[in-house]
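# sequence and computational prediction follow.
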2 protein chains.
Amino acid sequence: MKKKFLIFILSIFPVFVFANDGYGLWLQYLPFENKAITEYYSDYLDNIVLLGNSPTHEVIHKELEFAYSGFFDKKIGKISRTNTGSGLLWIGKLDDFPKEIKDALSEYAQSLNDEGFLLHYLKGKLIVSSKTDIGLLYGTYAFLKKIQTRKKLEDLHEISNPKIQKRLLNHWDNLNRTVERGYAGFSIWNWHRLPQHIDQQYIDYARANASIGINGTSITNVNANALVLTSEYLEKAAALADAFRPYGIKIYLTARFNAPMVLDNLPTADPLNPEVQQWWKDKVKEIYAYIPDFGGFLVKADSEGQPGPHNYGRTQADGANMLADAVKPFGGIVMWRAFVYNEHTPTDRIRQAYDEFKPLDGKFSDNVIVQVKNGPLDFQPKEPFHPLFGAMPETPLMMEFQITKEYLGQDTHWVNLASMWEEVLQSDTYANGPGSTVSKVLDGSLHDYKLTGIAGVSNIGTDRNWTGHQTAQADWYAFGQLAWNPNQNIEIIAEDWIRMTFSNDPEVIKTMKGIMMNSYEILVNYMTPLGLHHIMARSHHWGPGPWVTGGGRDDWTATYYHKANSDSIGFDRTETGSNALAQYAHEWKEIWGDSETIPLEFLLWFHRMPWNKKLFTGNTLWDELAISYQKGVEGARWMQQEWNKLEGLIDPDRFKHIASFLKIQVNEAEWWRDACLLYFGQYSKMPLPEGVEAPKHDLNYYLNFKRNFVPGI
Amino acid sequence: MKKKFLIFILSIFPVFVFANDGYGLWLQYLPFENKAITEYYSDYLDNIVLLGNSPTHEVIHKELEFAYSGFFDKKIGKISRTNTGSGLLWIGKLDDFPKEIKDALSEYAQSLNDEGFLLHYLKGKLIVSSKTDIGLLYGTYAFLKKIQTRKKLEDLHEISNPKIQKRLLNHWDNLNRTVERGYAGFSIWNWHRLPQHIDQQYIDYARANASIGINGTSITNVNANALVLTSEYLEKAAALADAFRPYGIKIYLTARFNAPMVLDNLPTADPLNPEVQQWWKDKVKEIYAYIPDFGGFLVKADSEGQPGPHNYGRTQADGANMLADAVKPFGGIVMWRAFVYNEHTPTDRIRQAYDEFKPLDGKFSDNVIVQVKNGPLDFQPKEPFHPLFGAMPETPLMMEFQITKEYLGQDTHWVNLASMWEEVLQSDTYANGPGSTVSKVLDGSLHDYKLTGIAGVSNIGTDRNWTGHQTAQADWYAFGQLAWNPNQNIEIIAEDWIRMTFSNDPEVIKTMKGIMMNSYEILVNYMTPLGLHHIMARSHHWGPGPWVTGGGRDDWTATYYHKANSDSIGFDRTETGSNALAQYAHEWKEIWGDSETIPLEFLLWFHRMPWNKKLFTGNTLWDELAISYQKGVEGARWMQQEWNKLEGLIDPDRFKHIASFLKIQVNEAEWWRDACLLYFGQYSKMPLPEGVEAPKHDLNYYLNFKRNFVPGI
C-alpha cells in the first residue's frame, strides 16, 4: 500500500518559476523536487483525518491546506473531520481519538504537558496528538516540518514539551510605527487601521510564531508610551489578541511606570502610594475587560531616562510587586527588566544590575520574573554571560536575547545569532556546582523556579521579507527553537531552517550551514576581537566608533570601555580594577582572572594590557588585534565566495538579495578593520603586521564619515 | 495552423490555490482560465522573436519570461534573439526587422513618435514595433495587456503615442522614510541601503510605471530637505537612476529654495544674486556628474513655510528661471508649483495662485513648466478646475493630480479617482472658444506649448500591496493611462485594470466596474456634498472637522470655507463676494454665477445660501444637504453589498482585505454624515428630513473624538 521511503540524493531540483521575496519564511512549503518524493508524502497528505473542533482546529485545517498547495501545486482534497477508517494521517487530541487509538497512546499521555505534542507511527497510521488544542497545532507544525525536511515517517516517535513556559517576542515598536533598533523597515502594527482591519500579515505573524512555539508577544517598546494603556489603544490591542488567540499567542504590554501621572494627573507614581496602587488595579481591570487572557506587563524602569521606583526612593522589587499585585487576580505576570544602570553610580556600568538586584533576591512576588540580558553590558557581539544568572535562586529569572542586530551589523550583515546564544545558554554558572548552566537557570531546573521565561527582541518589520536580511529569518526561527528547548543542537536548527526556507539540495545545505556556523566568529573578529566592546558609533550604533568620547554620559562612550592610551588598552575588571569579575563563581575568577590563560575573546573585557605584551599565540597584543581584524575581513570575503557558489541553486531573487548584502558586509568589515586599527594605531604606534592590509583611507576619513537618518533610533 | 479565437464566456474560472497579497498589481499575469484560451495564446508566446540589443531589450526579455510563467505556470522556452522564420510574435524596433517586414510597416513609421509603439498583425505574424528601445517596451506591455484582457490578436492594428511628454510620479517622501500624506506605510526608498543594494521592489516599481507609460519620478517631498542635494544622497539617487534607466524613467529631485544657505552658508538665496546663481550652477553640474540624464527640479516655494523668491522681493518667475538657467545646458527642466498662497494676503485663498501667476505669463524660461493642482484649493473631493488652465497661453502648464487620497478617505475608502480626473480633464476652459478643454491645455494643442507634462502625487508605500487599499492600485494605473492620453475612456481603463488585476470573469468585471463608476459620487455625497469643502479634521485631515476654527491661520480652518451661521452657509465667490468666479471664462460666470442654475455640486463653493432656500429639486437647502449625506451613506452600503457578491470569485486574501476596508468605509461615511449634520444642524435648527437616519452619537462625541498618530503627517 505504501511506497518506499526513497533515498533523495537522486532528486532533481526545480527550476525557479516564480519570484520569491522571502515572505513565506520557513513556511514556504516548497514544491517537492521529484515524483518519488511527491508520491511518498501524498499517501499521508491525501488521507488526513482531523478530529475535534475549536478555533485552533480551524487554524490547523487551513495550515494543512496551505502546506498542501505549496508541496503539490494544487488544492487539497477533503480533509475528513470525522472518524474514518481510511485515514493515514490522524490529527487530534488524545481525548478526541477513537478508543483503540487512545488506548494505544495512553502510555505516552503522562509524558505530555499542556503545550506538548506527540508524533507517533501506529500500525500504518501517522498520529499527531496532544492534550490541548494548542499542543495539537504545535504537533501539526512539527509533522509538516518532517515533510519539509524530507524525513522518513514510518518510524516516527517523538514526544516534545517546551522546557520554558513563557516564550516571548519583545517588539520595541513605537506607536508612530518607528521601531527602536529596528532595521527591517517599520512596525508591522498598523494601529490606525485597528481594531477594524486584521491584516493577513498579522495572521502570518501568528502562524510563523506558533510554528516555532512562541506563545506571547509584547507589542510595544520598553521605552514606553503610556498612551498604549488608554482605551483608544486597548481596543486595538484586543483586536490583535483576538486574532492571535487561536495560535496560542498572548498579548503583553509595556507599562510606563509613571502612567498614573501622565494619563490621569496623579501627583506621584510612588509604588507604595495607595492611590497609585488603586490606579493600577483599576487600569488592569480595564485591560482584562478588553483582553480576558492578557499576559501581563513588561517594564523598563529606572534606566536610560525611564521613570521608575528609584524616583521615590523605592526598590525595584517595590515597583515590580505593585504591578504584580494588580495583575495577579487575573493570572497575569510582570516581566521586570534588570537592565538598570545609572551614570551617577560611580561603579563600572556592567556591575550595576547585579549590585542592585542580587540583594533583592527573594523579595519579588511570585508572579514577577526578572528579565536579564544575556550579558552584563548591552547585547555586544561578545560578552560573558550575565552574572545574575545563578545568583538569584529565590527569584525567577528569564533571558532577554536581542534578535534584532543592533550591535551585530544591523540589517545587512549575515551572522547566525544562535551561535552566540548557544555559548550563553551552555555557559556554566557553577551556582550549584559544575553543570549549572544558564539553560538550567532558564528552564527552572537549577533553582526550581515556578515561573520560567525567555524573550527575544524582535527583528521584524515592514520589509517584504520581514527581517531585512533574508538570513535574519534564521535568527527568529532559532530563537523560537531555543525558547522551546534551550539545549537544542544549533547545527540541526540551522539545517532545518535552510531546508524549509531555501532548499533540500545537499549542496545548498552544506554551503549555507558552513557560512552560518562560521559567521559569528567572523563577525566578532572584524568588529570586536579580543574582548573589545562598545566601540561602535554613537546613538545609531552603525559602524565603528572607537573614538566616541565625551557628550555628557561617560558610560555611553567608547573610550570608557577600551581606555586605550600609548601604553595599554582594555578595562581592568579584576581585583585591581572594577572587580566586576567578583560577581562570578570562583571557577570563572580563576579562568578569567589570569591574563595569561583567559580565552583571548575576553582578554580586554577583563584585563588592561600593554600593546607590546606577548600573548601565548606568540604575537604581541597589537599584532594579535590587527591579525584578528584581518581574519574577520577575510572571513567575510570567504562567506561571499561561498554564497556565490549557490547561484542557480537558489531562486534568483533571494540569491541576489543576499549577494548584495554580502557585498555590503565585506565593505563594512573592511571599514571596521581600517577605522579601528587606524584609531588604536595612534596609541600603539606599532606597524601593521605582515598579512594585514593597509587601510583604504586615513583616520580623518573615518572620523568624518557621517550619514543622516540611519535607521533604528 | 492557428486555433480559432474562442468565445470566452464558457470559461471555467480557477480555484485560488495561492495567497495573493496584491503585490503583482496589474502585472499579475494570472493563469488562463481554460484550455482553449491557453492554447490560443500559446501559439504566440511559444514562438517569440525579439530583435535588437539594449538594456531595455533585456527588460523586455525578462518581462516576457515573467508573463509566461504566470499565464502558463511553467518556464518559457527559448526566446529567439535572431531573425528566424518560424516566429509568430515579432518584437523589435523598425530598424532591427528584416527588410520585408520593415517595408511592410514603413507606412506607419511616420505616425510614431519617439515613445510610441505599433501593434500590427501582418500575414500570420504579430508585430510589436517602435522607433526606440523604450517605445518597444511600451509596445510589449501593450501587447501583454491584450492577452491579459483576452483580446483577439489576428486583427490587431494599433498605433499609440503618448500625448503628454513628461509623465511623472511625485513622491512626497521624506529622507527619514515617513511620507507626507502617505497612507500605505512608509517610503519604499530605503536610503540607508542605497547605493549598494538595489531591491527587487525598485525594479518592480519601474516595471509597474513603465507598463503604464510613466517616464519620470520625483523621489523626494516638495516640502524639501536640502540634504538630498548633497553627495551623500546624490550617490544614492544615482543608483536609483541607473536602475530605472532601462525602463525609461528619469529621476527628478525637489530643490529647497534656500539650499545655498542651508548647505553652504551663503548669506542669501536671492535668485538674482550672482553667487547664488553660481552655487546652483555648480550644484547642477555635480548632480549631472552623478546622473547624466537627470530630469530636473520640482519646486515648492513661498508656500506653507517653504522659502522662495518672495523672501527677497522677487517673483516666482525670477526663482524658476534661475534654476532653469542652471539645468538648461544639460537638458533639464524645472517644474515650478503654482500652489502659492499666504495667510497675509487678504483675498480668498483660492484666488491667490491665479492672481500671482497670471501676470507672469510669458515671463518664464522655456524649460520651466508651471505645475498646477487640478483645482484652486487643495485636492478637495470636489473642486472646479483650476482657473489658471487656459489662462497662461505663453507659459507651459502641467497638471498635478493627487493619487494619494489625502481628502478622499485616505487608505481605507474605495473611490475611483479617474472619475474625478476625467471631470477636470474634460472641463472646458473656453480659452479659445468652446472645446478648449483642460486636456488640450495639457497636451499642448490649445496653446502650442513646446513642453507638456502631468504629475501624480504617489499613493505608494511599504504596504505589501503598495497602495494600502487594494483598489487604490487602480488610481495609480488610471493616472498612467490618462497621462499617456488624457482623453481615454475611464470605463475602459477600469475594465482593463479589473481584468489584469483580479479576473476576466464577467461577473467580477461587471460588479467591480459598477462600484468603481459610482464610487466618486458616493464619496462626495457623504463627505462634501453641494460644494462644501475643507471641512475635514485639522492637520491629519482624517475624518470630518466642520468645527475646525482658530489656531493662527484662518485659511487652514473649516469655518473660513463654510461660514455657516444661523441664516446661511457657503462662500460667496461671485461679484458680491470674493469674486474668485471672475477668474473663469464668461461661460462659466453665467453657469456658476447664478445660484438658481448652478449644478448643485458647486452651489456652496460659489454661493452663500439661506438654510431654508428652496432649490430646484423641491427641497430646502438643509433638506438637500441632509439627503445628500444620507445618499452617500447608502451608496457606501451598496458598494459593500455589491462587493460581498464576489466572495468565491476573487481570491480570498484580497476579497477579505477589501471587505474589511469597506466596513470601515461604511462606518466612516456614517461618521461624516452624523458629525456634519449635527454640526450644521446647530445653525440651521431644522429637523432631519424623512429618510435621513438619526445620528449614532451626540455632537460632543464627535467633537471629542481624537486619535493619536494618525498617519500621513
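The structure has been received and is ready for your questions.

# for the rest of this, base every contact and every neighbour count on C-alpha atoms.
Noted.

# may I have the helix or strand residue A:101 falls within as CSV, with CA atoms only?
When elements are assigned from DSSP states H and E, residue A:101 belongs to helix A:99-109. Taking C-alpha atoms only, helix A:99-109 is exported to CSV below (Å, rounded to 0.1, in the frame of the first residue of the first chain):
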residue,chain,number,x,y,z
LYS,A,99,-10.9,4.2,21.7
GLU,A,100,-8.4,1.9,20.1
ILE,A,101,-6.0,4.7,19.2
LYS,A,102,-6.5,6.4,22.5
ASP,A,103,-5.6,3.2,24.3
ALA,A,104,-2.6,2.6,22.2
LEU,A,105,-1.3,6.0,23.0
SER,A,106,-2.2,6.1,26.7
GLU,A,107,1.4,5.2,27.8
TYR,A,108,2.6,8.5,26.3
ALA,A,109,-0.1,10.7,27.8
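
# which SSE is immediately downstream of it?
Under the assignment DSSP H and E, the closest C-terminal helix or strand after helix A:99-109 is strand A:117-122.

# what comes into contact with that next one?
Contacts to strand A:117-122, defined as Cα atoms under 8 Å, 6 or more residues apart in numbering or on different chains, come from residues A:108, A:112, A:126-131, A:135-136, A:138-139, A:143, A:153-161.

# list the strands paired with it, with their directions.
strand A:125-130 (antiparallel), strand A:157-160 (antiparallel) (DSSP bridges).

# what mean pLDDT does that strand have?
Summarised as a single mean, pLDDT over strand A:117-122 is 97.

# only alpha carbons, please: show it as CSV.
Only the C-alpha atoms of strand A:117-122 are listed here, as CSV (Å, rounded to 0.1, in the frame of the first residue of the first chain):
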residue,chain,number,x,y,z
PHE,A,117,2.7,17.1,21.4
LEU,A,118,3.2,13.5,20.2
LEU,A,119,4.2,12.2,16.8
HIS,A,120,3.8,8.5,16.6
TYR,A,121,3.6,5.9,13.9
LEU,A,122,1.0,3.4,14.8
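
# how is chain A partitioned into domains?
Per automatic domain parsing, the domain ranges recorded for chain A read A:8-160, A:166-496, A:524-571+A:608-704.

# deepest of the ones you listed, which one?
domain A:166-496 (a mean of 21; mean count of other Cα atoms under 10 Å in any protein chain shown).

# show me where the stretch 251-400 of chain A has strands.
Along the stretch 251-400 of chain A, the stretches classed as strands by DSSP state E, counting those that start in this stretch are A:296-299, A:333-337, A:368-373, A:397-402.

# picking that back up, ok, and what's touching the helix holding residue A:101?
Helix A:99-109 has contacts (Cα under 8 Å, 6+ apart) with A:94-95, A:118, A:131, A:159.

# what angle do it and strand A:125-130 make?
Using axes from the mean of the first three to the mean of the last three Cα atoms, to 10 degrees, one finds that helix A:99-109 and strand A:125-130 are set 60 degrees apart in direction.

# the helices in the stretch 151-300 of chain A, which residues?
With DSSP state H, counting those that start in this stretch as the criterion, the stretch 151-300 of chain A has helices at A:200-211, A:231-244, A:259-264, A:274-290.

# say whether chain B is contacted by the second one.
What it means is helix A:231-244. Yes. Helix A:231-244 comes into contact with chain B (Cα under 8 Å from any Cα of the partner chain), by way of residue A:232.

# likewise for the first one?
Yes. Contact between helix A:200-211 and chain B is present through residue A:200 (criterion: Cα under 8 Å from any Cα).

# make a markdown table out of the domains of chain A and add distance to residue B:47.
Formatted as a markdown table, those follow (distance: least, Cα to Cα, whole Å):
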| stretch | distance to residue B:47 |
| --- | --- |
| domain A:8-160 | 19 |
| domain A:166-496 | 35 |
| domain A:524-571+A:608-704 | 25 |
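
# what residues does chain A put near chain B?
Within chain A, the positions adjacent to chain B are A:15, A:17-18, A:66, A:69-70, A:73-75, A:175-176, A:186, A:192, A:196-200, A:232, A:462-464, A:653, A:657, A:660-661, A:663-664, A:707, A:709-711 by Cα under 8 Å from any Cα.

# which among the contacts of helix A:99-109 gets closest to chain B?
For the contacts of helix A:99-109, the minimum distance to chain B (Cα to the nearest Cα) is 29.7 Å, reached by residue A:118.

# quick check: beta-bridge partners of that closest one?
residue A:129, residue A:159.

# could you measure from it over to residue A:486?
Plainly put, residue A:118 is 19 Å away from residue A:486 if you go by Cα to Cα, to the nearest Å.

# let me know the pLDDT of residue A:19.
If you check residue A:19, the pLDDT there is 86.
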